[in-house]
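**Q** Sequence first, then the predicted structure:
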Amino acid sequence: MRTTTEQLPGLTLTNLWLDAPLDHSRPDGETIEIFARVATSEDGANKPYLVFLQGGPGFEAPRPTLDTPPWVGRLLREYQVVMLDQRGTGRSTPVGVQVRRNGNQIGTEVTGGPAGRSVADQAEYLTHLRADEIVNDAERVREALGAKTWTVLGQSFGGFTTLHYLSTHPESLAGAVITGGLSAVGRPIDDIYAATWQIMIDKSEAYYRRFPSDRERVRELSRLCAAGEVTLGNGDVVSAARFRTVGQKLGMQGGAETLHYLLGLDHRSAAFAHDLAGLLPFEGRNPLYAVLHESSYADGVVTGWSADRTMPDRVREDVTLLGGEHLHRSVFTEDTALAAFGEVADVIADHQWNQLYFPERLAQADVPVAASVYYADAFVPHEFSMETAALLPGCRTWVTSAYEHNGLRVDNAVIDHLLGLLKGRRWL
């Protein structure tokens, strides 16, 4: 392990790098580098550790200051906060893509760990970037810090990863906080996507009740997309199917307003092209979010492009009904950067994934857990979350309709409430 130290106003940041096996079942095989950053307040050197597991999959941890993300300052009152770049992201042997342009010719290639390998070997590499191996990496970081136990905070996919942590290494956890991340356990992946499609139908209809004129605007933009008349700043043509994914913002606090303002722009303007690119969830900066997205719900199953397969006929027939985190195979042909992963994504979609969650182990996990369940969560259906909460004997669950999926980011009251539940300072 190697470390460096940086000083920010009110914070000491300790950066650490350590090697880990790509496949922890083969400790003598290929290795990758794992990066984590420990944020410590001025009076926090002796405080216990809390590790943050980022949502995604495929996103690095936030880069902290004393004030950002907003919840960091609250946590630093009680913990040293460990920001782990999950394998394949940030500074942990990242997986990326490079786009090269030569006149009218465009070429893309995968960069990072799987670069230069065959399609089959790239896909095999990516199968080791899931929650199970992330937990193994976290354990190496915990041991390197000399912590017998630590607390984990998991947001969204980070909560899914926390459930695997509770299934496999409960003895390492002093407590767990999960925000919008109590994943379905033992449910077929098609059930999950069918439920999230229905949620997005409801959210679309609620959106048009707020902004009635936007329905016709979405219909017109979908027609223009189908005609090839909507493009991004990089020249990518946006199909109607890809445009539909702007609905992902309806699952976030403030997202409806953001979408409404986008629809007020002229589709021929540079502003529209720029802002639309920022609202499309699947793109090249964090390609693993697209390539591994469905695998995050895969508990011992093959995904087989589940979101596409489970799209209701009503949605197929009505272009104004928007999608959420529903990945379409076509994005790997439409997005210039993601095209580098197209063949790999097909292999991943046919992969038989291992089991992530073990109900009998969760039932035996003697770990206090505090979880927020967002009643209208577009990505983690609350009814499945409540089934999962019932498996955890130490889980105190806060069900609320006051926040969307990104509640942790929008209001410090969320983390304050959950810490109160975790520490027994409150019961509801």
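**A** That came through, no problem. Residues are numbered from 1 along each chain as shown.

**Q** List of residues touching stretch 388-400?
**A** Stretch 388-400 is contacted from outside by 163, 166, 182-185, 359, 362-363, 365-375, 382, 385-386, 407, 417-418, 421-422, 427-428, using CB atoms under 8 Å, 6 or more residues apart in numbering. Any C-beta I mention is one placed from the backbone N, CA and C, and that applies to glycine too.

**Q** residue ranges of the helices in the stretch 201-350 of the chain, please?
**A** Shown for the stretch 201-350 of the chain, the helices assigned by DSSP state H, counting those that start in this stretch span residues 214-226, 240-243, 255-263, 270-279, 288-291, 306-309, 313-317, 331-334, 342-349.

**Q** Please work out which of those is packed deepest.
**A** helix 288-291 (a mean of 24; mean count of other CB atoms under 10 Å).

**Q** mind listing the strands for the stretch 251-400 of the chain?
**A** 369-374, 395-400 (DSSP state E, counting those that start in this stretch).

**Q** of the helices of the stretch 201-350 of the chain, which approaches residue 82 most closely?
**A** helix 288-291 (20.9 Å; CB to CB).

**Q** Let me know the average pLDDT across that closest one.
**A** Regarding helix 288-291, the rounded mean pLDDT is 98.

**Q** ok, now stretch 323-343?
**A** On average, the pLDDT along stretch 323-343 is 97.

**Q** so how far is it from its chain's centroid?
**A** Stretch 323-343 sits 16 Å away from the centroid of its parent chain (CA atoms, centre = their mean, to the nearest Å).

**Q** buried sites along it?
**A** 323-328, 331-332, 334-342 (16 or more other CB atoms under 10 Å).

**Q** Span of that stretch from start to end?
**A** Terminal residues of stretch 323-343 are spaced 24 Å apart (CA to CA, to the nearest Å).

**Q** Just put the strands of the stretch 251-400 of the chain in a markdown table and tack on mean neighbour count and mean pLDDT.
**A** Below are those laid out as a markdown table (neighbours: other CB atoms under 10 Å; pLDDT from 0 to 100):
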| stretch | mean neighbour count | mean pLDDT |
| --- | --- | --- |
| strand 369-374 | 26 | 99 |
| strand 395-400 | 17 | 98 |
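
**Q** now these as JSON lines including distance to residue 189?
**A** Below are the strands of the stretch 251-400 of the chain laid out as JSON lines (distance: least, CB to CB, whole Å):
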{"stretch": "strand 369-374", "distance to residue 189": "20"}
{"stretch": "strand 395-400", "distance to residue 189": "23"}
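
**Q** nearest to residue 34, of those?
**A** Among the strands of the stretch 251-400 of the chain, strand 369-374 comes nearest to residue 34, with 25.1 Å by CB to CB.

**Q** Check which helices and strands the closest one is in contact with.
**A** strand 173-179, helix 382-389, strand 395-400, helix 407-410, helix 412-423 (3 or more CB pairs under 8 Å, 6 or more residues apart in numbering; DSSP states H and E).

**Q** So which of those has the densest surroundings on average?
**A** When these are compared using mean count of other CB under 10 Å, strand 173-179 is most buried, at a mean of 25.

**Q** Could I get the average pLDDT for that one?
**A** Across strand 173-179, pLDDT averages out at 99.

**Q** 875 is where my numbering starts, stick with that
**A** Sure, I'll start counting at 875 from here, so that last one is strand 1047-1053.

**Q** between that strand and helix 1256-1263, how big is the angle?
**A** Inter-element angle recorded for strand 1047-1053 and helix 1256-1263: 170 degrees (by axes from the mean of the first three to the mean of the last three CA atoms, to 10 degrees).

**Q** Quick check: the closest residue to residue 1206 other than its chain neighbours vs residue 1300, distance?
**A** Excluding its sequence neighbours, the residue lying closest to residue 1206 (CB to CB, 6 or more residues apart in numbering) is residue 1216, at 3.8 Å. Distance, residue 1216 to residue 1300, by CB to CB, to the nearest Å: 49 Å.

**Q** in stretch 883-900, what's buried?
**A** For stretch 883-900, using 16+ other CB under 10 Å, the buried residues are 885-888, 890, 892, 894-898.

**Q** what comes into contact with it?
**A** Here stretch 883-900 has contacts from 875-881, 901-916, 938-940, 950, 961, 965, 987, 999, 1002, 1007, 1010-1011, 1014-1015, 1018, using CB under 8 Å, 6+ apart.

**Q** Okay, now the unreliable bits of the stretch 925-1074 of the chain?
**A** In the predicted model, the stretch 925-1074 of the chain carries no residue with pLDDT under 70.

**Q** could you redo the last one with a cut-off of 90?
**A** Low-confidence segments of the stretch 925-1074 of the chain, defined by pLDDT under 90: 940-941, 974-981.

**Q** contacting residues for residue 1150?
**A** By CB under 8 Å, 6+ apart, the neighbours of residue 1150 are 1104, 1106, 1112, 1117, 1120, 1136.

**Q** Outline the domain layout of this structure.
**A** Listed by automatic domain parsing, the domain ranges of the chain are 876-961+1003-1060+1231-1297, 1063-1223.

**Q** Kindly state which of those is positioned closest to residue 969.
**A** So among these, domain 1063-1223 is nearest, using CB to CB, at 5.8 Å.

**Q** For the closest one, measure first residue to last.
**A** 12 Å.

**Q** Please apply the same query to stretch 1111-1127.
**A** For stretch 1111-1127, the end-to-end distance is 28 Å (CA to CA).

**Q** so how far is it off the chain centroid?
**A** 16 Å.

**Q** again, but for stretch 976-991
**A** Relative to its chain's centre, stretch 976-991 lies at 25 Å (CA atoms, centre = their mean).

**Q** got the buried residues for it?
**A** 982, 984, 986-988.

**Q** go on, stretch 919-931?
**A** Buried positions in stretch 919-931, judged by neighbour count with 16+ other CB under 10 Å: 921, 923-931.
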